[in-house]
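Student: Need a 3D model of the following:
(chains A and B)
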Amino acid sequence: MTPLTPLAALSGPDVAWYLIVAAILFSIGTLGVLVRRSPLIVLLSLEIMLNAANLALISFARLHGGHDGQIFALAVMAVAASEVVVGLGLIVAMSRRRLTLDVDSFRLLKG
Amino acid sequence: MIQAAWICLFAPLAGAFAITVMGDSITRRTAAWLSTVSVFVAFAGAVVTFVELLGRSAEEREKLSTAWTWLSTGTFEVGMTLLVDPLSVTMMLIVSGVGGLIVLYSIGYMDGDPEERRYFAYMSFFVFAMLLLVQAGNFLLLLVGWGLVGLASYLLIGFWHEREEAVAAAKKAFIMNAVGDATMALAFFVLIWQTGTLEFAGAFAGAGGMSSTLVNLVALGLLGGAIAKSAQIPLHTWLPDAMEGPTPVSALIHAATMVTAGVYLIVRAHPLFELAPTVQDLAAGLGALTLVVAGLVALVQTDIKRVIAYSTMSQIGYMFVGVGVGAYANGMFHLMTHAFFKALLFMAAGLVIHHLAGQQDIRQMGGLRHVMPKTTVAFLVGSLALVGIPPLSGFFSKDSILASALASGGYGVVLFLAGLLGALLTGIYTFRLFFTVFLGQPSKLVREQAHGHSEGAWTMTLPVAVLTVLAVIGGWVQIPDVWHPFGDWLHEVAEPLVEPSVTQDLLASALAVGLGLLGIGIAWLLFGARTREVPRVQAARQALEHKLYFDELYDGVFYRPAVWMAGMWRRTIEGPLIGGSIAGVTLGARRAGGALGETQTGYLRSYALAIAGAAAILVVVFLAVQ
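Tutor: Residues are numbered from 1 along each chain as shown, chains lettered A, B, ... in the order given. As a prediction, this is how the structure comes out:
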């Protein structure tokens, strides 16, 4: 297998802009996880955080012209997909049992 | 020849092992016979060894046999070594011969005991341990045997473990013997340090170059072990209590074999004692003290076995006097005859106790002559041998010791006078026992128990008969100034330091026999014919009944202070300091855990916030560091 050729240097906006967008997305996600009580929204916010990270990874990959960041982003997507499956499965199970869909009501694990 | 010695050693162990392993799959009677046969096999081995040794010239009778190297550290090496020489063969013959007879006797005596198998396994084990002690080819192996006989003694004294007194007596014997074991071990450490070996020959040769202080310490350590095992003052209080064990045990362990191990040790280690003459004198002095004190205490005891036990202490005192003045062969000679007549007395007493359904109090007995005529004869023979009336065995051996004490002069004369006093006491207490138990009119108890059954099963009467014969003829192997094969036999191993003249022999014999007869006469007046009242000296009587307050003394000097000190440490150190500090540590851990537990709210978002916050702080820190 022939090694991948290095990508051409980034053209367009400066890498800082991409990073700023990633940071904003990450903060939105974090805030969502912290303040929302519906498990569905918490899961959604988590996805936003993961995608913010992906954006940052790809930006840097383009900046340095390597492939590692892109491959890593793919791995993150796979993990995110699996996580959604598990998370949604849990949420469906909760609603089937007619439990309140509120993360604050699940607090048996405490000191 | 040496194979026979190994067989002699391990046959009883094999017997004990077989009985233990087979457990319930053999009957109690089979276990008993297995034990008896194993000990008699040992006896056969001893006899074969003895005959082989007889066929050799005196210089070639010593043989060492090492099976394997047992311990090896640097230059120090100890082998699993047996020593066969005239001294160890003598002991082998006594231990396995008398032991075999006593185990045979046990078959009848212990018949019907629910734990008979355990008893016979212990008995075989004891014989093995005792043989190991006497056959050991170095001091370490001797100490192993020494410890094992102590263990066997402990197990057998406490054999009737449901009896509180038996358990207490077993513990007492074990602890007092542990004191002696410890002093012996210390002596061996000094020997290893100074001579680098525990082989007999090497240690004796090396001891010549040691300073006199160290030699004295070594001899003192060995003497400590000897007096503990042989129940000499001041470590003697365990022996009378040991009579809580079954009577054959008393006969085997606490009369014929184990308690004489101290005498054997002194003879075996005599080169060390000769380098430390002060300690050897001390051994003789303690022996003389014990023989008088034990004789006095025996005068007022009311338990038939305890009287004989005190008599044992007293007779071992004679042996200590003998080996203490350097008359080794005479000490060993008395050891042998004593094994015969004392085992006989114990077993005859056992027949009486068996006949009277376990009663041991002589005040309940009397007139047994009418119901147990054969036992009466056996007991009489044993008593006469004990007092030393010619031509019975005790006469030759005891008087030879007295003559040697007299011959060593000076200090020896004091020992001689103590021995004479002892002879008088022996006559009184022995025949007090005989007259009280066997003569007179049958007591109430005797009449109740006299329902015509025989004096005992053949397994019990046969050993008694054999020992009666031995008690009569056992002394004939050595007649002072006439013939002395026994002395010649041991001459190569332990050369005597004193050689009494004919006059001294005659003088000692005449005085000792005269005083013995006087003692019997006094006993007859007081307890036989009862023409005289027993003198009432209340204070003396009370002191003797309390065994001269040795138990009370040790209780006050050792036991109470130890308990008091333990209690004090518990109150001042253990409770507040150790217990308190541990309580403090646990309380602190509990509180810290509770406080930390508060942070675990169970709210998902608080955890998320903690993670996010921590990540933010890390970012700030990284930036700041850069």
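Student: Let me see the mean pLDDT of the helix or strand harbouring B:Thr503.
Tutor: B:Thr503 belongs to helix B:502-523 when assigned by DSSP states H and E. The pLDDT scores in helix B:502-523 average 90.
Student: Which elements pack onto that helix?
Tutor: Counting contacts by 3 or more C-beta pairs under 8 Å, 6 or more residues apart in numbering or on different chains; DSSP states H and E, helix B:502-523 packs against helix B:373-387, helix B:393-407, helix B:411-438. Placement of C-beta: from N, CA and C, glycine included.
Student: Mind doing that once more with 6 Å?
Tutor: helix B:393-407, helix B:411-438 (3 or more C-beta pairs under 6 Å, 6 or more residues apart in numbering or on different chains; DSSP states H and E).
Student: mean confidence for the shortest one?
Tutor: Think helix B:393-407. 89.
Student: ok, now the longest one?
Tutor: Across helix B:411-438, the average pLDDT comes to 91.
Student: angle of it against helix B:502-523?
Tutor: Put simply, helix B:411-438 runs at 30 degrees to helix B:502-523, going by axes from the mean of the first three to the mean of the last three C-alpha atoms, to 10 degrees.
Student: Okay, angle between helix B:411-438 and helix B:393-407 too, please.
Tutor: Going by the same axes, to 10 degrees, helix B:411-438 makes 160 degrees with helix B:393-407.
Student: what about helix B:411-438, distance to the chain center?
Tutor: 22 Å (C-alpha atoms, centre = their mean, to the nearest Å).
Student: Pairing partners for the lengthiest strand in chain B, with directions?
Tutor: Longest strand of chain B, by residue count under DSSP state E: strand B:63-73. If you go by DSSP bridges, strand B:63-73 pairs up with strand B:76-84 (antiparallel).
Student: Residues contacting the strand it pairs with, please?
Tutor: B:5, B:49, B:63-71, B:135, B:137-138, B:140, B:198 (C-beta atoms under 6 Å, 6 or more residues apart in numbering or on different chains).
Student: Please point out which parts of stretch B:58-71 sit buried.
Tutor: Within stretch B:58-71, the residues scored as buried using 16 or more other C-beta atoms under 10 Å in any protein chain shown are B:Arg61, B:Glu62, B:Lys63, B:Leu64, B:Ser65.
Student: if we can go back for a sec, can you show me the CA trace of the longest strand of chain B as PDB?
Tutor: Only the C-alpha atoms of strand B:63-73 are listed here, as PDB (Å, rounded to 0.1, in the frame of the first residue of the first chain):
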ATOM      1  CA  LYS B  63      29.600 -46.900  66.800                       C
ATOM      2  CA  LEU B  64      28.100 -43.800  65.100                       C
ATOM      3  CA  SER B  65      25.700 -44.200  62.200                       C
ATOM      4  CA  THR B  66      24.500 -41.200  60.200                       C
ATOM      5  CA  ALA B  67      21.500 -41.700  58.000                       C
ATOM      6  CA  TRP B  68      21.500 -38.200  56.500                       C
ATOM      7  CA  THR B  69      22.600 -34.700  57.100                       C
ATOM      8  CA  TRP B  70      19.800 -33.100  58.900                       C
ATOM      9  CA  LEU B  71      20.900 -29.500  59.200                       C
ATOM     10  CA  SER B  72      23.800 -27.700  57.500                       C
ATOM     11  CA  THR B  73      24.600 -24.000  57.800                       C
END
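Student: Cheers, nothing more for now.
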